[in-house]
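Asker: no sequence for this one, just the structure:
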């Protein structure tokens, strides 16, 4: 388990612990500022400004400015597979708020609604930001169908919290992005900022016999990997996974025609126990 699970999981993963979804936790000191920002009028300005600042400060890993410390210690995310994403939604109150991705807007990309906010942001954002007439309110079942659709299309699932404090680590939004257009994911890949996007609790492994009976041309799973963990052996005509690079998103599984790919606990590999 990652350090968050050990401290805040109560025997399970931190984002599956019902205690981290208590109403009072979202309004407690250490969490309320993030909740108010994400549910308030300054969200888009702050996130876009944060993206711009990230490009400046993160090229120097020893920068001790506020934003550098913020992404390392406060509003961090972790990759989760579809099955855990659905479990997370079961722990949340309805409704959910689906809105456009601010990272894509920062990079000037086409708008896609890929940010799924939980209560209480879903409740306050509509009141605080009435100009956002392109957001959608989803029921729990609609949110689950959205998660399944993201998985089919190859969008990552990542869970984000409203700050870490001694009382807990409340989940507040599920993002669905790619490594090419997500500011926190790019910070992790380009600069190694750990908490901007932590690896998931799993890694993919491949059954070579099932894989060999699968694709007859270019492997369908390889292009689904956002992190370069899927490797192809042209001699044996099979795929294998580099566990050191795998983030455990599970997106490769969806494309496999023979069911050769499955997820296992990250700690199955001794070398990955501290690799998050």
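Answerer: Yes, it's here. Remember, predicted model here, so these are calculated numbers, not experimental data. Numbering: from 1, shown residues only.
Asker: and the next element down the chain from the worst-scoring helix or strand of the chain on mean pLDDT?
Answerer: Across the helices and strands of the chain, mean pLDDT, DSSP states H and E gives its lowest value to helix 66-73, namely a mean of 48. The helix or strand immediately downstream of helix 66-73 is strand 77-80, counting by DSSP states H and E.
Asker: where does the stretch 51-200 of the chain have low pLDDT?
Answerer: Scanning the stretch 51-200 of the chain with the threshold set as pLDDT under 70 gives 51-75.
Asker: those helices in it, which residues are they?
Answerer: 66-73, 82-91, 102-106, 121-128, 140-153, 183-191 (DSSP state H, counting those that start in this stretch).
Asker: can you redo those as JSON lines with distance to residue 175 and mean neighbour count?
Answerer: From N, CA and C alone the C-beta is placed, and that goes for glycine too. Shown next, in JSON lines, are the helices of the stretch 51-200 of the chain (distance: least, CB to CB, whole Å; neighbours: other CB atoms under 10 Å):
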{"stretch": "helix 66-73", "distance to residue 175": "14", "mean neighbour count": "16"}
{"stretch": "helix 82-91", "distance to residue 175": "11", "mean neighbour count": "18"}
{"stretch": "helix 102-106", "distance to residue 175": "8", "mean neighbour count": "19"}
{"stretch": "helix 121-128", "distance to residue 175": "13", "mean neighbour count": "18"}
{"stretch": "helix 140-153", "distance to residue 175": "10", "mean neighbour count": "16"}
{"stretch": "helix 183-191", "distance to residue 175": "8", "mean neighbour count": "21"}
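Asker: and residue 10, which of those is closest to it?
Answerer: helix 82-91 (12.7 Å; CB to CB).
Asker: Measure how far the closest one is from the centre of its chain, please.
Answerer: How far helix 82-91 lies from its chain's middle: 12 Å, per CA atoms, centre = their mean, to the nearest Å.
Asker: which helices and strands sit right next to that helix?
Answerer: helix 140-153, strand 156-161, strand 171-177 (3 or more CB pairs under 8 Å, 6 or more residues apart in numbering; DSSP states H and E).
Asker: how about a markdown table for these, with distance to residue 221 added?
Answerer: Listed next are the helices and strands packed on helix 82-91 as a markdown table, based on distance: least, CB to CB, whole Å:
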| stretch | distance to residue 221 |
| --- | --- |
| helix 140-153 | 13 |
| strand 156-161 | 15 |
| strand 171-177 | 19 |
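Asker: Those: which one's closest to residue 19?
Answerer: Across those, residue 19 has its closest neighbour in strand 171-177 (11.3 Å, CB to CB).
Asker: Tell me the strands beside that closest one, with direction?
Answerer: Here strand 171-177 has these sheet partners by DSSP bridges: strand 113-117 (antiparallel), strand 156-161 (antiparallel).
Asker: any idea how far it is from the chain center?
Answerer: For strand 171-177, the separation from the chain centroid amounts to 6 Å (computed by CA atoms, centre = their mean).
Asker: Same question for stretch 202-214.
Answerer: The answer for stretch 202-214 is 24 Å, by CA atoms, centre = their mean.
Asker: do you know which of the helices and strands packed on helix 82-91 lies nearest residue 81?
Answerer: The nearest among these, by CB to CB, is strand 156-161 at 6.9 Å.
Asker: which residues sit in contact with the closest residue to residue 272 other than its chain neighbours?
Answerer: Nearest non-adjacent residue to residue 272, counting by CB to CB, 6 or more residues apart in numbering: residue 266, 4.9 Å away. Residue 266 makes contact with 199-203, 248, 272-273, 275, according to CB atoms under 8 Å, 6 or more residues apart in numbering.
Asker: swap the cut-off to 10 Å and go again
Answerer: Contacts for residue 266 (CB atoms under 10 Å, 6 or more residues apart in numbering) come out as 1-2, 199-203, 243, 246-248, 272-273, 275-276.
Asker: hmm, back to that, between the helices of the stretch 51-200 of the chain, which one is nearest to residue 16?
Answerer: Nearest of the helices of the stretch 51-200 of the chain (CB to CB): helix 82-91, 5.7 Å.
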